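Q: here you go, sequence then predicted model.
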Amino acid sequence: GVFSVSWRTTAGAESVLGEMVVRKDGLKYIRYDVDGIEEQLLDIITDPGETKDYATDPHYRERLLAMRESFEREWFPGQ
């Protein structure tokens, strides 16, 4: 209808060490800018303690690319 709303499925946040995007399905993408760009991909549903980084896991490759795109296009362009 006229008042239909398209809700976001991601949220962005900044900290002293870097920026992050969290997605509705529990993925958390973090980009640090310490010595060049470093990134992490966490899955807070399957790993609520955030002990495993999935950024290099081939099974998470497509999700990593989607989170990276959301980070760069929606939340932190130019970062």
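A: Received the coordinates, thanks.

Q: and residue 31, what does it touch?
A: 18-20, 37-39, 71, 76, 79 (CB atoms under 8 Å, 6 or more residues apart in numbering). C-beta coordinates here come from the backbone N, C-alpha and C atoms, glycine included.

Q: just give me the residue right at the centre of this protein.
A: residue 29 (2.6 Å; CA atoms, centre = their mean).

Q: in its sheet, what does whichever helix or strand it is part of sit against?
A: Element membership for residue 29, per DSSP states H and E: strand 27-33. Next to strand 27-33 in the sheet, as set by DSSP bridges, lie strand 18-23 (antiparallel), strand 37-43 (antiparallel).

Q: out of the contacts of residue 31, who's nearest residue 46?
A: residue 20 (17.8 Å; CB to CB).

Q: residue ranges with poor pLDDT in this protein?
A: Residues of the chain meeting the criterion pLDDT under 70: 1-7.

Q: which residues does the residue nearest to residue 23 when sequence neighbours are not counted contact?
A: In this structure, residue 23 finds its nearest non-sequential neighbour in residue 10, 5.0 Å apart by CB to CB, 6 or more residues apart in numbering. By CB under 8 Å, 6+ apart, the contact set of residue 10 is 21-24, 70, 74-75.

Q: what does residue 32 give?
A: With contacts defined as CB under 8 Å, 6+ apart, residue 32 is in contact with 17-18, 38-40.

Q: now those residues as JSON lines including neighbour count and distance to residue 64?
A: Formatted as JSON lines, the contacts of residue 32 follow (neighbours: other CB atoms under 10 Å; distance: CB to CB, whole Å):
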{"residue": "17", "neighbour count": "12", "distance to residue 64": "20"}
{"residue": "18", "neighbour count": "18", "distance to residue 64": "16"}
{"residue": "38", "neighbour count": "13", "distance to residue 64": "13"}
{"residue": "39", "neighbour count": "17", "distance to residue 64": "8"}
{"residue": "40", "neighbour count": "18", "distance to residue 64": "10"}
